[in-house]
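J.: sharing a model that was predicted from the sequence below.
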Amino acid sequence: MATDKEYINFILEQLSELDNITHIKMMSEYIIYFRGKIAAYVCDDRFLVKPVDAAKKLLPDAIMEPPYIGAKDMILVDNIEDKEFLTNLFIAMYPELPERKKKVKKK
């Protein structure tokens, strides 16, 4: 099942208070970047964030599940209606998000 266009647009609107939110589409699903770092995935109309300590602290009872088969578990965020919470979640997560891996040029 692919993510519905309305769902990703809603998520992006909920994150609109943050600076430098970008996203890319990959096979009908989405990766959300915050200030150049991968922060979340939107897959099958589910919003999943990286399982960094700050996210675990703010979402202690959240379900962990993979965004797609074979992926590592991420935190399922079901409180997507609370724009202020999502903004604060991303701000808290940012220092713990891994830096983007540099692409290796092939010779």
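T.: Perfect, thanks for sending it.

J.: quick one: the residue nearest the centre of the chain from I63, how far?
T.: Nearest to the mean C-alpha position of the chain, by Cα atoms, centre = their mean, lies A40 at 1.2 Å. A40 sits 15 Å away from I63, going by Cβ to Cβ, to the nearest Å. Using the backbone N, CA and C atoms, a C-beta is placed for each residue, glycine as well.

J.: so the residue nearest to the centre of the chain makes contact with V52?
T.: No: using Cβ atoms under 8 Å, A40 is not in contact with V52; the gap is 11.1 Å.

J.: what's around L59, how many residues?
T.: Residues lying near L59 (other Cβ atoms under 10 Å) number 19.

J.: can you check K5 too?
T.: K5 has 9 neighbours, counted by other Cβ under 10 Å.

J.: quick check: T3 is in a strand.
T.: No: counting by DSSP: H, G, I helix; E, B strand; the rest coil, T3 is not part of a strand but coil.
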